[in-house]
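Chemist: fold the stuff below for me.
(2 chains)
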Amino acid sequence: MKNILKYTLLASSLVLAFACTKDFEKINTDPDAYTTAPTTNQLALVLTQTASQIADITGPSIWSGYLCKLSYIDQYSDYEPSNNTYGNKWAAVYRCSTQLQDIINRTDETGTKNMHNVARTYRAFLLLWNLDNFGDMPYSEAWKGAPENGGILQSKYDKQEDVYPAVLAELGEVADSWASGLGSDAIGDGDFLFGGDAKLWQRFCNSLRLRYAIRLARVWSGAQATAESIMNNPEKYPVIEENSQRAYFVWQGSGDYFEPWYDTYRTRPNDWCVSEIFVNHLLDTNDPRLKLYVQPCRLDGTTYRGGEHGIKAQQLSNQTRYSFVGEAYMTANNAGFTPYYKACETYFNICEAAMRGWNTPLTDSLAYVKAVRLSFEDEMNNANGFVPEGRKITDEDVEAYLAGPGEYDYSLNCLFYQEWVAFFKQPYEAWCMYRRTGFPQYIQTAVYSGESAQIYGNTGCKAGERQYPGDYADSYWGEGVHTDVPFRMPYPNNQFTYNEENVEAASVGIVDYVWGKHLWWDLRTDVK
Amino acid sequence: MKRVLLLLALSLVATVAMAQTRKVAGKVISAEDNSPVPGAGVIVNGTTVGTVTGLDGTFSLNVPTSAKTLIVSCLGMKTQEVEATDGITVVLENDFSSLNEVVVTAMGISREKKSLGYAVQEVKSDELMAAGSPSVTSALTGKVAGVQINTFGGSVGASSRISVRGNSSLSANQQPLIVVDGVPISNDTQRTGDNTYRGVDFGSGLNDINPEDIESVSVLKGGSAALYGMRAGTGVILITTKSGKKSSGIEVSYDGSLTFDTVANLPKLQNSYGQGYEGDELHYKWFQEDGGTLSYQDYADQYSFSYVDGNWAGVYDGQDESWGPRLDAGLNLVQFDSNGQKAPWVSRPNNIRDFFQTGVTQNHMVSLQSRSDKATTRVSLSYRNQTGTVPNTDQTRYSAQFNTQMTLNRFFSFDFAGNYTRTESENLVNQGYRANNPMNNLIAWSGRQINMASLKANWDQKDELGNYTYYNWNTSYHINPYFNVYMNTNSYQRDRVFGKTSLYFQPWTWLKIEGRVGFDYYGSKMMEKTYYEPDDPEGAFYNTNISNSELNADLIAYFNQTFGDFNLTAILGANYRDAKYEYNQLGADALVLPGVYTITNKVGDAVTSMDHSWIRSNSVYGNFSLGWKNMLYLDASARNDWSSTIRQAFFYPSVSLSWIVTESFPALKGDFLSFWKLRGGIAQVGSATSAYRNSYYYYASGSAFNGVAQMYKSNTYPNLNLRPEKVTSWEVGTEIGLFDDRIHLDVAYYQKKTEDQILSVTTSNVVGFTSMLVNAGRIDNKGIEVQLSADIFRSNDGFNWNSTLNFSRDRSQVVELYEGLNKYMMGWTWGYGTYATVGGNWGDIRGSGLNRVTEKDVTDGKATPDQVGAIIVNASGSIGTKSDQVVGNVTPDFLMGWRNDFSYKGLSFGAMLDLRIGGDIWSQTVSHAVCAGLATITADNGVRERPIVAGKDVYTDYKFVTLKDGKYAENDVETNAQDFFEWAGGNAGEFAVFKGSFLKLREIYLTYQLPKQLMEKSKFIKRASVSFIANNVALLWVDKSNHMRIDPETGGVSSDTRGMGFEQASVPGSRSFGVKLNLTF
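Modeler: Numbers count the residues shown, from 1 in each chain, chains lettered A, B, ... in the order given. As a prediction, this is how the structure comes out:
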């Protein structure tokens, strides 16, 4: 009897256990997740996540001479970067490239050619941005997945010399694919950059190739041929040539998606002002765009005064003396924009190519004038609606400027300063241009040397006291050991934690996180 | 058909058995005063036939004719074996020894403690509640060796984290399983937000239990938990609720308490300098040296601080730091509350304290207990209301408990236990690093001179249009703290129901079968409202609903049989578990009309979120325990689990042995040694995973962009063959009773190996996913636990002094993680993370460290060996930093709780001290209060009046060196306090790490039990007592590295493992004093 009972119990327990495991697969399926996702929705995520990083106000907006910090300047977080400051930008590139690879894997060049090419174009855009920011990066061994699938957890860093051409080669493949005809598939409503217009993506693809052919002109053997094939084959390789074709990311303006400069102003209105480097240049050159880009200071409502980098805190006690960024670009435009490629850039690039003696469809002076007009047209369109009557720009202002201070004088000086002004709110391009060309020269020469500097004048600092942020590379009080804004962004902490050996190898020659080693195309020798 | 026949046969046998009996009646009295002993158990030896004595101590029992002796027992008295003769009087003596203690073990089985081969510690209700602890977690703190409880801050209803035997897992949640009356219940922490910038702590699930309803708490630390299989990996806490067993007849009791909470342990702040910049004597001196001719008054006014709009239009009036002019020096400056006029610039040392108020807590409970031959029942109704030390914060708890056991006949009995709790708050304080956490602009960033009375009087000031002016001392970053607590509120409502019922069928005395269904449900509603704060200028609200339910059904058979010298008890059971969780959130990041919190008032998209979890598991388990001659006990258990979250089944065995040496060798026993036990055991348990982790998914992000859903392929690489974590542990221990067990020592030594950890391994993010789920890693822990109890004085009717000490120490070593991975981050904030590092201890704090002298400097001839570790000051006075350095470890060196209880007749007194040594903390409060010139060290010893040298004038406990002629020498580089501390607080985070050691006077009680004689006169009160109680009485000592005296137990980042070792603008703890009253009718 005892045994019968025992066995009955045991058996019933086991039956109970096994009988109920058959539903386990169903139970363990996440009802809040999907087994697949439409590619356009995946593209949507990639575009907004990377836009948040590209539009972030910190870093290059200072290094390119446009903005200046008013609060928390004591911490110098932007001038003296440490490892983690820009890690999110790096992470977004790699994470979103994984998503784009998934789109690429799930599309092909037949039925879904447009989406396939869009994903490849945007991935190339991100990789090039990452190269500009960080230099050498994991590429050939990256994105390979789990170890059991052949993935490599500690990926080696590839040299920029190898990655730039490889990415541009892929862009070339996409350009040729679209040159043989656009696809028939819809990119869908997740395309926040070009509203689903494949033709615009095709222009963006070729414009990027042109941008990088110029950037790499002095270091890459394929530069001239690439640029010439694009400039002289507008049918096969169309580029962005009108403001209506520009690559602007336009923000939703609510929730998590306020335009990021606006959002910064919304919660921390006193953190940022325009840099005196930029304001003084616009004032000196009598540039009408000043009135759109910059607001008069709150103190008197009429004076345009930029913030002085590295100013003694004592002089910052009243922040109403400094000019804020123009309304359309920051303080009053919740659904503002982040430019990725302005139409004028194409003509600035043609102008530079012509000055290099490359075969161009326009002369340098014609390209210059076209570029400046496009820039004015673009910014008037962006901002005239946001400023009071006295600060609006008219067509007459444009003509007067072109005939006066903005007149082309056939110098690189003229081209690059003009390009710098046009690049406002596109600090990454300006920072690249500065590192490549040394223009605008104010940025480097602004370093206080113990004598009256070109821009600063003597603000009362004793020699060796803090003056320009670059001074602080060594330490908070140290005498300057670096004379320039960062050459690059510091490799992220994540790499030092999880890919230490390889990032250490790639860091040889880098001093104080961001100085020492120049990017491939940064050939300057007068900075340290 | 067969079964019916079986039942029929069974009942026949039983009837026959019952027929052959005789009646035995008697009385049980106490040796102390010959008074009757109600509620004593009388059992026929060798059977389960028995009864309990009535109010007058009498009993009557039908015993089998074969029965020879009766066992008479009563809690707190020595058990006696007497002849089974009718009319007997049994005299029971008081029992001071704990040798025959019975404890609740796994699956709710009561066992004699001496028979157990593993450590289990039980805390009884009087010890838990003597000092009227407000919650279960606070009642347990410091009372169990090897259990560390961290309560996160002093806000009302703050959550807690419990760890048993150190930390050995890498997952965020590694709290022990909570089992109430045999049924697992959820201890989820209700916390919203992102762990750094925003969030509200709504409390721990465990605190839904009214601590006054608890009879005892047992903590199963190691192998003792093996019967819980894949849920036992981090220990088990067993809670037994009160029943009517102890009452004599029908009793009605009232328990009430009234306590007053005042803020305690406010961080130490300076009172010498006010808001502003470069206002100190040293900067003024430099100004004069540069040719400045202004008076200090004019210098202060023109260069350091003058208020216009609190938003930078004046002189540093937007600055939220206290580097301004000297206070109490006769200066007159325009301030936020002086209407544009100059007003005396004076210190207000109590301005932070003035913000807090006295919190009041009242507790009322009415309980009814009844006991009869067939049934025992207890019903309790309680109400608790608390107002916090932070104004306008509160919590109200209503609870009801019902517990009954009924014996229907010789074969059938049942029990039922049910609990209902409603917890409500109108407002709980905001946490995190946002302007809506009032602590941020009181303690981390502030002007030390601000007048709290002005802020309180004017927080709701409106302009002529009827709009709030947001009156505050600073309008650029902060909001008036009163506006925060009255307008940016977080309300909460939680309903909790849990309970169980069991049916028992006992066909023979040696076999009992139990069918049990247990249920646990909670529904939480949280409403977080923001009217305005600088980080949410358009207002916001989030309405979150969470529900969670868990059903457990068990079928258990219990065997108990004696064969000669052997006694075998065994159980065999099966469990079915089904757990569901649901989360819904609806809200808005911006509002059209301020102060209207409904979804149609949103600007832009609504914030929406939905999440579910569903887990089912089936298990079979068994345990057998073989005892020989009351001296040797062998225990073995086994469990097999099948879980929906993991594809394979898992098996967990355990075995343990207990040997009572003094039973085997009675010669050892004497005046000195009264008891000696040796024990040892080995067990394997596990920790299963959460749902949905072994498939690949696409997800949609929480918000759409322009109305388009944003989707992504999971960034975590799933693991299709996930296994539960495996914890293998062994332990040995001994228990020694000396001097008639006046001194009782229990020592346990254990080692455990936690393998197959479920790691979300972060990759270097270039791999193609940001993390991958693996079973890998091994963390070894070893530790020692000591419980020492001494009856220093004991006497039945005289003076008694009992002293109890709990000590525990746990060391961990991370043996391996995953191939190529040697660091694993568990928590993080502000650039600092808590890590497991291969070769290191669990819980290293890593982040930016100070540049220090290394061994290499010694070999290079730059430094002497004694200089290694000294901080290097550069020639300019600065100090370099190095990223990714170990700057501390969150694990305490050891924990100790020391309790003393005294009694003399009706008067009793007790106090508990709680000591923790070690356990480092990185504090955002310290970091920013140093940067902002608030911390005492930024103004002590005249450091703002003269140039300073690090190591001589500031941070004198650290060693600083500087390079002189190629060799390091004692630092003599001069700098100034403002530059130095702004840098030290803002950039050199390592200076914000302090040792979390503390000594606390945790609780005190003084109770007076009214004399029996007095009670006998009053016809209807049986017992009455009144107590003075105090909790969290004093922070007696902290390590000197904790220069702000931050309570090391506060938190502020997260309530789970991620929050360990971090402090962030947390609400200071509160000290409570009050009275407690008990009346039994």
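
Chemist: what about residue 522, how many residues nearby?
Modeler: No chain was given, so I picked chain A. Burial of A:Asp522 is recorded as 20 neighbouring residues (other CB atoms under 10 Å in any protein chain shown). Every residue, glycine included, has its C-beta placed from N, CA and C.

Chemist: can you look at chain B instead?
Modeler: B:Tyr522: 22 neighbours (other CB under 10 Å).

Chemist: after whatever helix or strand it lives in, which helix or strand is next?
Modeler: Element membership for B:Tyr522 (DSSP states H and E) is strand B:511-530. Counting by DSSP H and E, the next helix or strand C-terminal to strand B:511-530 is strand B:540-563.

Chemist: and that following strand with chain A, contact?
Modeler: Yes: Strand B:540-563 reaches chain A (CB under 8 Å from any CB of the partner chain) through B:Leu555, B:Ala557.

Chemist: tell me the helix or strand right after that strand.
Modeler: Using DSSP H and E, the helix or strand that follows strand B:540-563 towards the C-terminus is strand B:566-588.

Chemist: who are the packing partners of whichever helix or strand comes after that following strand?
Modeler: Following strand B:566-588 in sequence order, the next helix or strand is strand B:607-628 (DSSP H and E). In terms of contacts (3 or more CB pairs under 8 Å, 6 or more residues apart in numbering or on different chains; DSSP states H and E), strand B:607-628 is packed against helix A:2-19, helix A:24-27, strand B:566-588, strand B:632-643.

Chemist: try it again with 6 Å
Modeler: Counting contacts by 3 or more CB pairs under 6 Å, 6 or more residues apart in numbering or on different chains; DSSP states H and E, strand B:607-628 is packed against helix A:2-19, strand B:566-588, strand B:632-643.

Chemist: for the longest one, the averaged confidence score.
Modeler: With pLDDT averaged residue by residue, strand B:566-588 scores 94.

Chemist: what's the answer for the shortest one, then?
Modeler: Taken as a whole, strand B:632-643 has a mean pLDDT of 93.

Chemist: so that strand versus strand B:607-628, what angle?
Modeler: Taking axes from the mean of the first three to the mean of the last three CA atoms, to 10 degrees, one finds strand B:632-643 and strand B:607-628 inclined to each other by 150 degrees.

Chemist: now do strand B:632-643: distance to the chain's middle.
Modeler: Relative to the centre of its chain, strand B:632-643 is centred 29 Å away, using CA atoms, centre = their mean, to the nearest Å.

Chemist: adjacent strands (with direction) for that strand?
Modeler: strand B:607-628 (antiparallel), strand B:649-660 (antiparallel) (DSSP bridges).

Chemist: hang on, the earlier thing: so which elements touch the strand holding B:Tyr522?
Modeler: Packed against strand B:511-530 by the contact rule (3+ CB pairs under 6 Å, 6+ apart) you find strand B:490-508, strand B:540-563.

Chemist: I'd like to know how many residues surround the residue of the stretch 551-700 of chain B found nearest chain A.
Modeler: At 2.4 Å from chain A, B:Gly604 is the closest residue in the stretch 551-700 of chain B, using CB to the nearest CB. The burial count assigned to B:Gly604 is 19, neighbours taken as other CB under 10 Å.

Chemist: these two touch, right, it and A:Gly255?
Modeler: Yes: in this structure B:Gly604 lies within contact range of A:Gly255 using CB atoms under 6 Å: 4.3 Å.

Chemist: rewinding a little: same list, the helices and strands packed on strand B:511-530, but as a markdown table with distance to B:Gln319 please.
Modeler: Shown next, in a markdown table, are those (distance: least, CB to CB, whole Å):
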| stretch | distance to B:Gln319 |
| --- | --- |
| strand B:490-508 | 30 |
| strand B:540-563 | 27 |
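
Chemist: any idea which of those gets closest to B:Gly54?
Modeler: In terms of CB to CB, the element of those nearest to B:Gly54 is strand B:490-508, at 23.7 Å.

Chemist: quick one: the strand holding B:Tyr522 to strand B:566-588, angle?
Modeler: Using the same axes, to 10 degrees: strand B:511-530 against strand B:566-588 is 20 degrees.

Chemist: direction included, what does strand B:511-530 pair against?
Modeler: strand B:490-508 (antiparallel), strand B:540-563 (antiparallel).

Chemist: which helix of chain A spans the most residues?
Modeler: The helix spanning the most residues in chain A, taking DSSP state H as the definition, is helix A:113-134.

Chemist: ok so, going back, what separation is there between the residue of the stretch 551-700 of chain B closest to chain A and B:Ala435?
Modeler: 21 Å (CB to CB, to the nearest Å).

Chemist: buried residues in the strand or helix carrying A:Phe278, which are they?
Modeler: Secondary structure from DSSP H and E places A:Phe278 in helix A:276-284. Neighbour counts using 16 or more other CB atoms under 10 Å in any protein chain shown place A:Glu276, A:Ile277, A:Phe278, A:Val279, A:His281, A:Leu282 of helix A:276-284 among the buried residues.

Chemist: again with stretch B:779-796
Modeler: Residues of stretch B:779-796 classed as buried: B:779-791, B:794 (neighbour count, 16+ other CB under 10 Å).

Chemist: tell me the bridge partners for the closest residue to B:Arg422 other than its chain neighbours.
Modeler: Distances taken as CB to CB, 6 or more residues apart in numbering or on different chains put B:Tyr398 closest to B:Arg422, at 4.6 Å, once the chain neighbours are dropped. Beta bridges link B:Tyr398 to B:Tyr383, B:Arg422 when assigned by DSSP bridges.

Chemist: so B:Tyr398 sits against B:Thr421, correct?
Modeler: No: when contacts are counted by CB under 6 Å, B:Tyr398 is not listed as touching B:Thr421 (7.1 Å).

Chemist: these two: who's more crowded?
Modeler: The neighbour comparison of B:Tyr398 against B:Thr421 (other CB under 10 Å) goes to B:Thr421, with 22 against 16.

Chemist: ok, the more buried one to B:Phe498 distance?
Modeler: 9 Å.

Chemist: same question for A:Asp197.
Modeler: Distance from A:Asp197 to B:Phe498, by CB to CB: 59 Å.

Chemist: of these two, who's got more company?
Modeler: B:Phe498 (25 against 15).

Chemist: OK, contacts around that one?
Modeler: B:Ile185, B:Asn419, B:Asp520 (CB atoms under 6 Å, 6 or more residues apart in numbering or on different chains).

Chemist: closest to chain A among those?
Modeler: The nearest member of the contacts of B:Phe498 to chain A, counting by CB to the nearest CB, is B:Asp520 at 18.5 Å.

Chemist: what about that closest one, neighbour count?
Modeler: B:Asp520 - counted by other CB under 10 Å - has 24 other residues nearby.

Chemist: and for B:Leu465?
Modeler: B:Leu465: 5 surrounding residues under other CB under 10 Å.

Chemist: look up phi and psi at it.
Modeler: Phi and psi for B:Leu465, reported as degrees, to the nearest 10, are phi -80, psi 0.

Chemist: on the three-state scheme, B:Asn403 is what?
Modeler: Of the three states, B:Asn403 takes strand under DSSP: H, G, I helix; E, B strand; the rest coil.

Chemist: mind putting the strands paired with strand B:511-530 into TSV with mean pLDDT?
Modeler: Below are those laid out as TSV (pLDDT from 0 to 100):
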stretch	mean pLDDT
strand B:490-508	94
strand B:540-563	94
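
Chemist: show me which residues of stretch A:333-347 are buried.
Modeler: For stretch A:333-347, the neighbour count (16+ other CB under 10 Å) marks A:333-334, A:336-347 as buried.

Chemist: alpha carbons of it, as CSV, please.
Modeler: Output in CSV follows, covering the C-alpha atoms of stretch A:333-347 (Å, rounded to 0.1, in the frame of the first residue of the first chain):
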residue,chain,number,x,y,z
ASN,A,333,13.0,77.0,-33.7
ASN,A,334,11.9,73.9,-31.9
ALA,A,335,11.4,72.1,-35.2
GLY,A,336,14.7,73.3,-36.6
PHE,A,337,17.2,71.6,-38.9
THR,A,338,20.6,70.0,-38.9
PRO,A,339,22.4,70.5,-42.2
TYR,A,340,24.4,67.5,-43.6
TYR,A,341,25.1,68.9,-47.0
LYS,A,342,24.2,72.4,-48.2
ALA,A,343,23.9,73.0,-52.0
CYS,A,344,26.6,75.7,-51.8
GLU,A,345,29.2,73.1,-50.7
THR,A,346,29.1,71.6,-54.2
TYR,A,347,30.2,74.9,-55.8
